[in-house]
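Peer 1: coordinates for the following, if possible.
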Amino acid sequence: MRIIVLPRAEADIVESAQFIAEDSLDAALRFMDQAQVAFNFLRQFPEAESDQVYSSDKLRGTRSWPISGFENWIVFYVVRDNELIVIRVLHGARDV
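Peer 2: Numbering: from 1, shown residues only. Model prediction:
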């Protein structure tokens with residue numbers, strides 16, 4: 001399965017890492033590594049999490065998965081054909 005990380009999701013990761021780096025550069029680097037670990041896990045097990053129910057129809061089929069060690073950050077993704085598309089990587093306190 002091919003992983004596609006949309007530009008907005010890439011920016012989310014960078015912004016989150018910069019935020020984390022304000023307290024700890026090591027933690028920020030771990031966050032970026034763990035995001036990649038999450039993507040690789042989801043590539044192998046794309047249906048690990050069930051579809052979420054959102055009020056917006058355009059989010060239908062969106063799944064989510066926490067980043068290990070940084071469980072407050074959530075990977076939002078969809079699976080289409082043989083692709084795992086990472087849409088966003090957001091802190092859980094944010095309104096999706």
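
Peer 1: what's the helix or strand for the residue most central in space within the chain?
Peer 2: Nearest to the geometric centre of the chain sits residue 75, at 1.8 Å (Cα atoms, centre = their mean). Using DSSP states H and E, residue 75 falls within strand 70-80.

Peer 1: so what strands line up beside the helix or strand just after that strand?
Peer 2: Moving toward the C-terminus from strand 70-80, the next helix or strand (DSSP H and E) is strand 83-91. Strand 83-91 has its sheet partners listed here by DSSP bridges as strand 2-5 (parallel), strand 70-80 (antiparallel).

Peer 1: quick one: distance of strand 83-91 to the chain centre.
Peer 2: A distance of 4 Å separates the centroid of the chain from that of strand 83-91, by Cα atoms, centre = their mean, to the nearest Å.

Peer 1: kindly export that strand (C-alpha atoms) in CSV.
Peer 2: Taking C-alpha atoms only, strand 83-91 is exported to CSV below (Å, rounded to 0.1, in the frame of the first residue of the first chain):
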residue,chain,number,x,y,z
GLU,A,83,-3.4,4.2,-1.1
LEU,A,84,-3.4,5.4,2.5
ILE,A,85,-3.9,9.2,2.3
VAL,A,86,-2.9,11.1,5.4
ILE,A,87,-5.1,14.2,5.5
ARG,A,88,-4.1,15.9,8.7
VAL,A,89,-2.1,15.3,11.9
LEU,A,90,-3.8,17.3,14.7
HIS,A,91,-3.7,17.7,18.4
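
Peer 1: and the contacts of it?
Peer 2: 1-6, 8-9, 12-13, 16, 35, 39, 42-43, 46, 62, 67, 72-79, 96 (Cβ atoms under 8 Å, 6 or more residues apart in numbering). C-beta here means a position set from N, CA and C on the backbone, and glycine is covered the same way.

Peer 1: just the buried subset of the residues you listed, written out for PyMOL, thanks.
Peer 2: To isolate the buried ones among the contacts of strand 83-91 in PyMOL, judged by 16 or more other Cβ atoms under 10 Å, type:
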select buried, resi 5+9+12+13+16+35+39+42+46+62+67+73+74+75+76+77+78+79
